[in-house]
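**Student:** Sequence and predicted structure, then a few things I'm wondering about:
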Amino acid sequence: MDDKAKRLAKVLRLPKLGQVGIVVKDIEKTAKYYTDTFGLGPWFRAGLSDEEHNQGEKKRLDFEVDLVMAFSGKIQFELIKHIKGDRNIYLDHLDKCGEGLHHLGFFVSDFDRKLEAVDKMGIGVLQSGVIKSVGKAGGSVTKYAYLDTVKIGGIIFELIQTKFVGVNIKMSRLWFELGSITGDLEKLAL
């Protein structure tokens, strides 16, 4: 590995695993199963006000998803259900693999810098976007990028950065509890 590749690899170094993403057909049924069987919960539904999704680097996608999340320690479990709209990475996964593990997510504080390093290393981006929350606080903005890492390791890696009123935040159950108070998230009653 030459010096440039070593520098890029250092920039791209990932933090500890933060999220396990699972594509499902029925969110309530799956969340209830994980709660009843493994004690996972409470589950929080993201209230989204504005979304922008892109396939690869260029193509704009228009679709809706339902997202619910719960924590086991510091690991976030995200259930994702396609609601309607354009073909996307979630529908592709359902068609190819069925329900189940979709990606491993890493919460980063330098999203744009890491994405630049990904590009320079020749790692493609399958889908990316920006998601904004609703609610009284309404200041949460999340950038995400699914990396084309399936061929080598068999799983998609996701880079995720969330800011609240412009400040990086680490996803945690505490933030989700606060978000349920402000109306940015809905706590599911299972």
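**Tutor:** Ah, there it is.

**Student:** Then Glu158 would be within a helix, right?
**Tutor:** No: assessed with DSSP: H, G, I helix; E, B strand; the rest coil, Glu158 is strand; it does not lie in a helix.

**Student:** Put the alpha carbons of the longest helix anywhere in the chain into CSV.
**Tutor:** The residue-count maximum for a helix in the chain (DSSP state H) belongs to helix 27-38. Extracted in CSV, the C-alpha atoms of helix 27-38 (Å, rounded to 0.1, in the frame of the first residue of the first chain):
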residue,chain,number,x,y,z
ILE,A,27,-42.5,-3.4,11.0
GLU,A,28,-45.0,-3.9,13.9
LYS,A,29,-44.9,-7.7,13.7
THR,A,30,-41.1,-7.7,13.6
ALA,A,31,-40.7,-5.2,16.4
LYS,A,32,-43.1,-7.1,18.6
TYR,A,33,-41.3,-10.3,17.9
TYR,A,34,-37.9,-8.8,18.9
THR,A,35,-39.5,-7.2,22.0
ASP,A,36,-41.4,-10.4,23.1
THR,A,37,-38.5,-12.8,22.3
PHE,A,38,-35.4,-10.8,23.1
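
**Student:** Show me what that helix packs onto, helices and strands only.
**Tutor:** Of the remaining helices and strands, those touching helix 27-38 by 3 or more C-beta pairs under 8 Å, 6 or more residues apart in numbering; DSSP states H and E are strand 63-72, strand 75-85. Where you see a C-beta, it was placed from the backbone N, CA and C, and this is true even at glycine.

**Student:** quick one: low-confidence ranges for this structure?
**Tutor:** For the chain, the stretches with pLDDT under 70 are 1, 49-50, 57, 135-139.

**Student:** And the helices in it?
**Tutor:** 3-12, 27-38, 89-97, 111-120, 150-153, 173-182.

**Student:** which one of the ones you listed lies closest to Arg60?
**Tutor:** The minimum distance between Arg60 and the helices of the chain falls on helix 89-97, with 14.2 Å, by C-beta to C-beta.

**Student:** Report the buried residues of the closest one.
**Tutor:** Residues Ile89, Tyr90, Asp92, His93, Leu94 are the ones in helix 89-97 that count as buried (16 or more other C-beta atoms under 10 Å).

**Student:** a markdown table please, covering those residues and showing distance to Phe106.
**Tutor:** As requested, the buried residues of helix 89-97 are exported to a markdown table (distance: C-beta to C-beta, whole Å):
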| residue | distance to Phe106 |
| --- | --- |
| Ile89 | 17 |
| Tyr90 | 19 |
| Asp92 | 21 |
| His93 | 19 |
| Leu94 | 23 |
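
**Student:** Looking at these, which one is closest to Ile181?
**Tutor:** Sorting these by how near they are to Ile181, with C-beta to C-beta, puts Tyr90 at the top with 29.1 Å.

**Student:** Contacts only, for the closest one.
**Tutor:** Applying C-beta atoms under 8 Å, 6 or more residues apart in numbering, we find Tyr90 in contact with Val23, Val65, Ile80, Lys81, His82, His102.
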